[in-house]
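Undergrad: Structure for this input, please:
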Amino acid sequence: MIQFLLNQTLKTISDVDPNTTVLNWLRGTEHRCGSKEGCASGDCGACTVVLGRVDGDKMRYDTANGCITLISQLDGKQLLTVEDLAENGELHPVQQAMADCHASQCGFCTPGFVMSIFALQKTQADVQLHDIEQHLGGNLCRCTGYRPIIEAAGRACKTKDDQFTQSEPQTVERLKTLATAETATLIKSSRCLLPKSLPALAELYAQHPQARLLAGGTDLALSITQQYQTLPLIIGLSQVAELKTIDISDEEIRIGAAAPLQTCQQALEGPLPAFAKVLERFASRQVRNHGTLGGNLANASPIGDCAPVLLALDAVLELRRGALKRRLPLDEFFVGYRQTALKAGEFISHIIIPRVTVSPKFAAWKISKRKDDDISTVFGAFNLHINEGVVMSARIAFGGMAATPARAVECERALLGQPLNAQSLAKANLALAADFQPLSDFRGSGRYRLAVAQNLLHRLMLQYTTPASVLEIQDYVN
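TA: Got it, this is the predicted structure:
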């Protein structure tokens, strides 16, 4: 069974199909219809709910797309919906600001915006425009326009005290009690298993290699909501704390496979600012709060944003199968379109980045049709070590250029031992055409993709010769 708080009401569930989404459970079982279904894929934000969890002795509130969050992912957390915000007939400050700023017309998307602003109000102490844009980046509105919604967010975040702040100590204690409770690790006739340690996970997955691992579920859940599949057996990772750690030392950066991408972004801002910057553009805040670094790699999408970065950084995967562990360089992990070198019952436990391999001018760029909440057309990552103007080492990787994320080996060879100038760049561009023959699809033709990749090489050269302010747009017109 699973246990969680629906606002302040304890819910104990053991008879729900583990393929059930939080949104469908809210609307169908609890008859809470404030959360809406707009896309069933985590893109529009109309279903946004907030999940609360204990962080130290405080509550941390993160948004989630209810349409792609499965019911087992609520275990040990607090679930809040738009119905929970008003108190004694008075609107919550976020709701009041939305009304005062005329930030709603048809109202279909409004509950999702309210919950995103609520999470921002709880998360940020000093809220700036960029913070508002980041928190609302996964919420779409087709009729109101974003100006009054942004204004409402700024106004609401000036008020911090509410009933959730007042009840925080009690909520923390109740969730800590749930965390220590000896609850069963199954839902609905053993179709969902919830191990609470890394050894327990390894043992269960070795026994049930046909099971699907549920980390963030931001892609796996689409097989349920978009392809109408039923997952016969799920092993949830949400309770395995060892998989969520991030350890940074002088020698390496060690990231647990189930560390959420939002956590990764915040942790990497110091040691790997270029990686943190592209993670800021990874999907939406709702997705980054729950999608994981290991899941993005194991998914083996040719257009996944994290793989090219990690390939260029010479990352190594720590894999586990039962009690057996092994290390595998990431550039040996992808063996075909959405195929990996993982054996049956084997999973990624950690991603390791050797810091000695990181160039001070490491760069990564994502090319997509939209700036935010979009899928890459081409993604390039560049890790060059240059001494006295000569390229001493080069690791260059691309996504969206082949059936798997891959290094541009011939391009790297063309640059080695050469000065980074127009002549060496021309040779590298020719070599790049030998590395990749990209396919055409609705995001771009193969010819366009190759031209973009070659242009990114040119941009790389400019990064070494031109002030950053000339290349990067720092602020946007409001």
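Undergrad: Shouldn't Leu79 be within a strand?
TA: Yes: counting by DSSP: H, G, I helix; E, B strand; the rest coil, Leu79 falls inside a strand.
Undergrad: what's the neighbour count on it?
TA: 25 (other Cβ atoms under 10 Å). For glycine as for every other residue, the C-beta is placed from the backbone atoms N, C-alpha and C.
Undergrad: And Gly304, by the same measure?
TA: Neighbourhood size, Gly304 [other Cβ under 10 Å]: 25.
Undergrad: Would you agree it is in contact with Gly399?
TA: Yes: Gly304 lies in contact with Gly399 (Cβ atoms under 8 Å); the separation is 6.2 Å.
Undergrad: any common contacting residues for these two?
TA: Pro405 (Cβ atoms under 8 Å, 6 or more residues apart in numbering).
Undergrad: which residues touch Ser284?
TA: 42-43, 45, 137-139, 372-373.
Undergrad: what pLDDT does it get?
TA: According to the prediction, Ser284 has pLDDT 96.
Undergrad: With Leu175 instead?
TA: So Leu175 comes in at 97 (pLDDT).
Undergrad: same deal with the one 10 residues further on?
TA: On pLDDT, Thr185 comes in at 53.
Undergrad: wouldn't Thr110 be in contact with Ala99 here?
TA: No: Thr110 is not in contact with Ala99 according to Cβ under 8 Å; the separation is 9.8 Å.
Undergrad: Please identify which of these two sits among more neighbours.
TA: The residue with more neighbours, out of Thr110 and Ala99, is Thr110; 23 against 13, by other Cβ under 10 Å.
Undergrad: For that one, which non-adjacent residue is closest in space?
TA: Nearest non-adjacent residue to Thr110, counting by Cβ to Cβ, 6 or more residues apart in numbering: Ser104, 4.4 Å away.
Undergrad: Doesn't Gln3 lie inside a strand?
TA: Yes: under three-state DSSP, Gln3 falls within a strand.
Undergrad: For burial, what's the neighbour tally of it?
TA: 19.
Undergrad: can you offset everything so residue one is 26?
TA: Done: numbering now begins at 26, and the last item shifts to Gln28.
Undergrad: what bridges to it?
TA: Counting by DSSP bridges, Gln28 forms beta bridges with Thr37.
Undergrad: I'd like the secondary structure assignment at Ala128, please.
TA: Three-state assignment for Ala128 (three-state DSSP): coil.
Undergrad: Longest helix in this protein, please.
TA: What stands out as the longest helix in the chain, according to DSSP state H, is helix 471-490.
Undergrad: and that helix, what does it pack onto?
TA: strand 388-392, strand 403-412, helix 447-460, helix 493-496 (3 or more Cβ pairs under 8 Å, 6 or more residues apart in numbering; DSSP states H and E).
Undergrad: what angle sits between that helix and helix 447-460?
TA: 150 degrees (axes from the mean of the first three to the mean of the last three Cα atoms, to 10 degrees).
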